[in-house]
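Q: One predicted model, sequence on top.
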Amino acid sequence: MSSVSLESVSLAYPGGRLGLADVDLRVGDGEFVALVGPSGSGKTTLLRTVAGFLTPTAGSVRIGEAVVATAARSVEPERRGLGMVFQQHAVWPHWNVGRNIEYPLRRAGVARAERRRRVAEVLELVGLSGAERRDPATLSGGQRQRVAIARAIVGRPRVLLLDEALSALDEPLRDRLRLELRALTRSLGLTVIHVTHDRGEALALADRVVVLDGGRVQQVGTPTELIERPASPFVAAFVSDATIVPGRLHGAFRADGHPLEVPAARLRVRGGAADPASAADPASAADPGSAADPASAPGHARDTDDMGAAELSIQPEHVSVVPDPEGDAVVSSSLFGRSGDELVVDWAGVTIRSRASGVRCGEGTRVRVVVERADAFPSGALQSGSTGSGRLAPPRDAQSGGAQAGAPEDLPAGSEAAAATVGS
Ligand SMILES: Nc1ncnc2c1ncn2[C@@H]1O[C@H](COP(=O)(O)OP(=O)(O)OP(=O)(O)O)[C@@H](O)[C@H]1O
């Protein structure tokens with residue numbers, strides 16, 4: 001078992017396109033980390049760089065204590081002690097299950113009797129005992145993926161890399177394999193990096209989730225941190241389907257050219273030194289709204305300050321709608337959800353999502369929108385790129401904004417002076 005560290009890793013593809021930009025990330029020994037981000041954000045590039053199929057153009061990659069890649073030198077993939085599972089073509093159809101699984105052991109020159117023993121052992125681990133002689137064509141999709149997982153772990157890798165490993169499977173099989181995979185990797189103490197398009201899967205499986213955009217780490221955090229304390233409007237929108245509304249913050253938040261107004265009592269101001277998401281040590285970050293976290297709690301939005309332009313991030317769980325024939329909003333889409341309908345509401349030109357518990361509302365219903373709680377991100381506020389041990393990286397737009405003073409640790413912790421500089 002081993003940790004994986006990327007230090008200031010950049011990767012430019014031939015032709016100049018940037019796959020990764022100055023990525024710092026440390027995945028702890030035995031930790032399960034998921035990589036998420038929009039298409040083209042760099043997830044696969046990061047995984048392939050750790051695997052050794054791509055060489056960084058700057059920075060270094062370590063597995064355990066060993067440096068396995070720099071711009072000048074790269075250890076071959078098969079010598080990095082990794083197991084890998086991909087979405088497709090994972091099992092060779094012309095070999096039986098046993099031969100598929102023993103392949104890495106053959107390459108490593110492991111003796112026949114030992115190979116047999118280890119194949120039987122991993123088949124049992126993935127719930128396919130006795131399947132050595134089965135033809136892969138006779139297996140279900142889920143069984144084939146179990147074979148791929150068995151092959152990835154038979155060599156007792158230090159690190160397991162999963163590239164959309166469950167994406168080709170249908171629910172509920174996928175759900176079951178998710179649980180099995182989590183239990184298996186935990187029992188083996190494996191360090192796992194899992195790339196997935198499925199945000200729900202990432203949040204369900206991972207100890208920490210890395211959100212990428214444009215080849216940069218936008219935030220690293222536990223699932224709870226990403227939902228409760230997103231570091232930027234981008235992360236809130238990507239992870240939680242938050243609606244982002246531009247406006248001004250002066251005690252209350254007032255949207256630009258729109259009736260939306262949220263009183264200070266329902267706001268948390270984010271991105272300043274007092275914001276837990278800016279804390280370098282997540283253990284020191286208090287729960288939002290707790291007594292230990294007065295500066296970012298709703299109702300403590302530094303009422304007297306004109307903080308200037310800001311973006312409001314509203315999570316669907318914090319939006320309720322009230323049917324009202326006089327209301328100024330209309331439900332444009334309604335999908336059944338277990339605890340309440342998933343609504344899309346057109347409110348004076350702003351499309352806002354609602355997932356409030358208990359609300360049932362049909363399409364075309366005229367409603368009033370009530371924002372119960374929201375996060376305000378003042379423009380120019382310091383926005384932490386991570387809440388975990390990963391990198392503190394301002395988002396791209398913040399970097400070009402010219403108002404950045406550097407990383408949050410440049411500021412005295414809890415400094416009022418720091419808080420007062422966030423306005424424009
Ligand atoms: N072989 C390549 N040559 C040039 N550019 C590439 C190559 N592979 C990826 N890129 C570019 O690198 C960036 C990151 O791509 P990457 O495949 O890592 O993203 P991703 O997050 O895995 O995307 P997806 O979710 O669509 O698989 C994108 O801009 C992409 O166009």
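A: Looks like it arrived, so ask away.

Q: which stretches of the stretch 1-150 of the chain form strands?
A: For the stretch 1-150 of the chain, applying DSSP state E, counting those that start in this stretch gives strands covering 4-12, 18-27, 32-36, 58-63, 66-69, 82-86.

Q: In a markdown table: those, plus mean neighbour count, mean pLDDT and distance to the ligand.
A: The C-beta positions use only the backbone N, C-alpha and C, and glycine is treated the same way. Formatted as a markdown table, these follow (neighbours: other C-beta atoms under 10 Å; pLDDT from 0 to 100; distance: least, C-beta to the nearest ligand atom, whole Å):
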| stretch | mean neighbour count | mean pLDDT | distance to the ligand |
| --- | --- | --- | --- |
| strand 4-12 | 20 | 98 | 8 |
| strand 18-27 | 21 | 97 | 4 |
| strand 32-36 | 24 | 97 | 8 |
| strand 58-63 | 19 | 97 | 15 |
| strand 66-69 | 18 | 96 | 16 |
| strand 82-86 | 21 | 89 | 12 |
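
Q: Including distance to Gly362, could those go into TSV?
A: Below are the strands of the stretch 1-150 of the chain laid out as TSV (distance: least, C-beta to C-beta, whole Å):
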stretch	distance to Gly362
strand 4-12	49
strand 18-27	45
strand 32-36	33
strand 58-63	53
strand 66-69	55
strand 82-86	43
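
Q: Isn't Leu11 up against Phe53?
A: No. With contact defined as C-beta atoms under 8 Å, Leu11 does not reach Phe53; the gap is 11.2 Å.

Q: residue contacts, Ala202?
A: 34-36, 194, 196, 209, 223 (C-beta atoms under 8 Å, 6 or more residues apart in numbering).

Q: If I look at the residue of the chain positioned farthest from its centre, what pLDDT would I see?
A: When each C-alpha in the chain is compared with the mean C-alpha position (C-alpha atoms, centre = their mean), Ala113 comes out farthest, at 42.3 Å. At Ala113, the pLDDT value in this model is 95.

Q: And Ala297, by the same measure?
A: 46.

Q: before we move on, what about Asp175?
A: 83.

Q: Pull out the buried residues from the longest helix along the chain.
A: Criterion DSSP state H: the longest helix present in the chain is helix 173-188. Within helix 173-188, the residues that count as buried by 16 or more other C-beta atoms under 10 Å are 174, 177-178, 180-182, 184-185.

Q: any chance of the residues you listed in JSON lines, plus distance to the ligand?
A: Shown next, in JSON lines, are those (distance: C-beta to the nearest ligand atom, whole Å):
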{"residue": "Arg174", "distance to the ligand": "18"}
{"residue": "Leu177", "distance to the ligand": "20"}
{"residue": "Arg178", "distance to the ligand": "19"}
{"residue": "Glu180", "distance to the ligand": "24"}
{"residue": "Leu181", "distance to the ligand": "20"}
{"residue": "Arg182", "distance to the ligand": "22"}
{"residue": "Leu184", "distance to the ligand": "25"}
{"residue": "Thr185", "distance to the ligand": "21"}
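
Q: between those residues, which is closest to Asp213?
A: Using C-beta to C-beta, Arg178 is the member of the buried residues of helix 173-188 that lies nearest Asp213, at 24.8 Å.
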